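Peer 1: 3D model of this:
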Amino acid sequence: DALSRRPDLKEGVKSDNKDQVMLQPQIFVKSATGQGTVEMLDSQLRRKLKEVMAKDKEVTEAMELIKASGPRALSKGLQEWNYEDNLIWHRGKIYV
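Peer 2: Predicted coordinates:
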């Protein structure tokens, strides 16, 4: 095809991208993906999330009830949900 026949892609031509940084690290956003990443959250945001979660006991109670005595099909679906440090986690992300 036309792309593979470009003269600059001939065999034996050295890569001109070697040791070049195309995107600088500061343009990337760090992702909070693990359960241990609560400490990385801004303390004010973490405090506000905990305050809201304390008021919304319905979700926490429902999750615990289903895990403890709900039908197997429902409780199996909750395996990836955790309640830790007054926050609800799903697959390593905080449920809001």
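Peer 1: Where do the helices of this protein begin and end?
Peer 2: 43-55, 57-69, 72-77 (DSSP state H).
Peer 1: Out of the ones you listed, flag the one nearest Gly92.
Peer 2: Nearest to Gly92 among those is helix 43-55; the distance by Cβ to Cβ comes to 15.3 Å. Just so you know, the C-beta spots here come from the backbone N, C-alpha and C atoms, and that holds for glycine as well.
Peer 1: could you give the mean pLDDT of the closest one?
Peer 2: Averaging pLDDT along helix 43-55 gives 80.
Peer 1: now the angle between helix 57-69 and it, please.
Peer 2: Interaxial angle of helix 43-55 relative to helix 57-69 (axes from the mean of the first three to the mean of the last three Cα atoms, to 10 degrees): 70 degrees.
Peer 1: tell me which residues of helix 43-55 are tucked away?
Peer 2: Residues 46, 49, 53 are the ones in helix 43-55 that count as buried (16 or more other Cβ atoms under 10 Å).
Peer 1: Stretch 60-75 too?
Peer 2: Buried residues in stretch 60-75, counted by 16+ other Cβ under 10 Å: 60, 63, 70.
Peer 1: for the lowest-mean-pLDDT helix or strand in the chain, packing partners?
Peer 2: The least trusted helix or strand in the chain, going by mean pLDDT, DSSP states H and E, turns out to be helix 72-77, with a mean of 72. Other helices and strands packing on helix 72-77, by 3 or more Cβ pairs under 8 Å, 6 or more residues apart in numbering; DSSP states H and E, are helix 57-69.
Peer 1: Check what contacts the helix it packs on and list those residues.
Peer 2: Contacts with helix 57-69, where a contact means Cβ atoms under 8 Å, 6 or more residues apart in numbering, come from 53, 74-75, 78, 81, 83, 88, 95.
Peer 1: Show me which of the buried residues of stretch 60-75 is closest to Leu23.
Peer 2: Among these, Met63 lies closest to Leu23 (Cβ to Cβ), at 39.6 Å.
Peer 1: Look up how far Lys50 lies from Ile88.
Peer 2: Using Cβ to Cβ, to the nearest Å, Ile88 is found at 11 Å from Lys50.
Peer 1: Please spell out the segments of this structure that come in under the pLDDT threshold.
Peer 2: For the chain, the stretches flagged by pLDDT under 70 are 1-5, 7-18, 29-41.
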